[in-house]
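*Asks:* here are the coordinates; sequence isn't available:
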C-alpha cells in the first residue's frame, strides 16, 4: 500500500485492562497493519503487553517518551503508507503529547480518526454518585519532590478552593511516575490515595473526600471520609484518585451512602 | 437462581452505535440473564434496537421513563434473582435517574457494578484538541420553549461567563426531546448546533465556538468559527454539541487549525 496515505488511529484502551477497549477500538486494532502504543502517560494496571498482544492477536510496538515526542518520524512514516493504530491508556488526546502527534500527522496529510475510550473523569462521577454536572476543573497532585517544594502546590489548593466557592466538586488525579528518568530509582510509581489524603489533609483536615480506587476494574473501591481519616487507610492496588466534593446534594448524599464505604 | 441476589450491571453503550460499547460491556450483555435498556435520557444515533439485539444476539427489554422512574420494581425484582444488565446510552449514572436506580438496587441488597463507557465530555476534548484540564463546568442548552422563556437561560450564560473568567472552556450539551410527552407533536427531537449558535450568538455574537457533530461516529465533524457564522451553517446528522473556549493556548490553536474546519 506504499504511497497511499491511510489512517493513523489514536485509540484509548480504556481504564483498566484489555477488555476496557471498545468494540470499535478492538476492530481497528484487528484491521491495522501496524499497532504502536505508549504507556508512559498512563498505564493499564490490570494487564500487560503480553496479555494485550494475546487478546488482540497482534504485535504491539511500544514507544517510550523519546520515541513519541523527540523521534515520532518512524510512526508517522508508517502511517503515511499503511493503516496504523496508536494505543494509549486512559484519555487519549488528554496528554499534550497525543494532541501533538495528531497535529504532526494531519500536517503531513495523514487522516486521523480518534476512537474514544472510557475515562477516569467520568468514572469518578459514575462510581461515586456525585453528579457529573457539578464537577469543576480537575487538578493533578504531584509527588512532593516533583514540583520542587513541600506539600501541595498552590495551584492545586487554588483549584479546590475555587471550585468549592462555585459549589463544584474537584477531581484530583494522582501522580504517576512511569518512564521518567528522574524517578528511575524510586519505588513510588503511583501516588496512593492515602498519601494524597495526608498531603491534602494538611490544607483541609476536616474536609470530606471520596477515594476511588481501581476504577474500571472488577473490584473498584469507593470510600468517603475526612481527609485526616483517609490518610490512615490502605486502598490496595492502584490506580487511585480523589474527589473533593462541594456540599453534597441530598441525592448525592444518599448515593454515596449506598455505594461508598466510610 | 431464585433467592440468590446477583448483579445488576448498568452499562454505558457509549456514544454512537453498537460498536461503541467496551469489550467488558459486550461480555456482560452476553452473560446476562436479562437485558434492559432505556433510550430517553440519550440515544445511540448510529444504531437502533434491532441492530443492537442482532449485534449482541440477545433480547433487549426497553423501558420508558415511567418504567424506570415510577415503576422500577420489575427491573429490580429481576435483578434480585438473576444477572441483569441495564443499558444506557452516553454517560451512565450522569442522569439522576440512573443513580437513583442504582441506589434503589443497593438498598434492596442487590450488588451493582458499573461498566464505564465513552462520553461526549471527553470526546469534546479529544476531537477538538482543546486541553481536557481546561474544561470547566458543563451546561445544557434547552429548547427555547422548554424553560418557559425566550432565548438562553440565565444559568447557561452565567456558566459560560464564569468559566471564561477562570480561563476555562465550557462544554455546552444540546437538548434532546425523547419520550417526553410535552414534545410528542414536535419534529425538533435534537437541538442542532446551528440553532444553538443562533441562540447563544444573541448573547455572544463574536465569540469563537467549536461545533462537534457526531462524536464517536465514523464521520465526526469539528468546525470552529464565531457563533454568528456558525448559526448560518448546517452540520448534518445529530448529535451535536458546542464548546465555548476560553482564550486558546498556542498548542490548542494549532490543534484546532489542524483538525477543525472553519
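*Replies:* Arrived safely, thanks for sending. What you see is a predicted model, and the numbers here were worked out from it, not measured in a lab.

*Asks:* C-alpha only now, for contacts and for neighbours.
*Replies:* Will do.

*Asks:* and the closest residue to chain B within chain A, how many neighbours does it have?
*Replies:* In chain A, the residue that lies nearest chain B is residue A:22 (3.6 Å; Cα to the nearest Cα). Applying other Cα atoms under 10 Å in any protein chain shown, we find 31 residues neighbouring residue A:22.

*Asks:* can you give me the helices in chain A?
*Replies:* Ranges of helices in chain A, per DSSP state H, are A:23-31, A:49-56, A:65, A:73-81, A:96-107, A:120-128, A:154-165, A:193-201, A:227-230, A:250-259.

*Asks:* same list, the ones you listed, but as a markdown table with mean pLDDT and mean neighbour count please.
*Replies:* A markdown table is the format used below for the helices of chain A (pLDDT from 0 to 100; neighbours: other Cα atoms under 10 Å in any protein chain shown):
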| stretch | mean pLDDT | mean neighbour count |
| --- | --- | --- |
| helix A:23-31 | 91 | 20 |
| helix A:49-56 | 91 | 14 |
| helix A:65 | 88 | 17 |
| helix A:73-81 | 93 | 19 |
| helix A:96-107 | 86 | 20 |
| helix A:120-128 | 85 | 25 |
| helix A:154-165 | 96 | 16 |
| helix A:193-201 | 96 | 23 |
| helix A:227-230 | 96 | 23 |
| helix A:250-259 | 89 | 17 |
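
*Asks:* could you list the domains of chain A?
*Replies:* Here the domain parsing of chain A from automatic domain parsing is A:7-112, A:120-259.

*Asks:* which one of those lies nearest to residue B:262?
*Replies:* Closest of the domains of chain A to residue B:262 is domain A:7-112, at 15.6 Å (criterion: Cα to Cα).

*Asks:* looking at the domains of chain A, which is closest to residue B:203?
*Replies:* Going through the domains of chain A one by one, with Cα to Cα as the measure, domain A:120-259 comes closest at 22.2 Å.

*Asks:* start to end distance for that closest one?
*Replies:* Taking Cα to Cα, to the nearest Å, domain A:120-259 runs 17 Å from one end to the other.

*Asks:* just the pLDDT at residue A:39, thanks.
*Replies:* Note on residue A:39: pLDDT of 82.

*Asks:* and the gap between it and residue A:47?
*Replies:* Taking Cα to Cα, one finds residue A:39 at 12 Å from residue A:47.

*Asks:* higher neighbour count, these two?
*Replies:* Comparing residue A:39 with residue A:47 by other Cα under 10 Å, the one with more neighbours is residue A:39, at 18 against 13.

*Asks:* do I have it right that that one meets residue A:89?
*Replies:* Yes. Under the criterion of Cα atoms under 8 Å, residue A:39 makes contact with residue A:89 at 6.7 Å.

*Asks:* which residues sit in contact with the spatially closest residue to residue A:46 that is not a sequence neighbour?
*Replies:* Nearest non-adjacent residue to residue A:46, counting by Cα to Cα, 6 or more residues apart in numbering or on different chains: residue A:17, 4.6 Å away. In this structure, residue A:17 makes contact with A:44-47, A:217, judged by Cα atoms under 8 Å, 6 or more residues apart in numbering or on different chains.

*Asks:* residue A:17 and residue A:239: what is the separation?
*Replies:* With distances taken as Cα to Cα, residue A:17 is found 12 Å from residue A:239.
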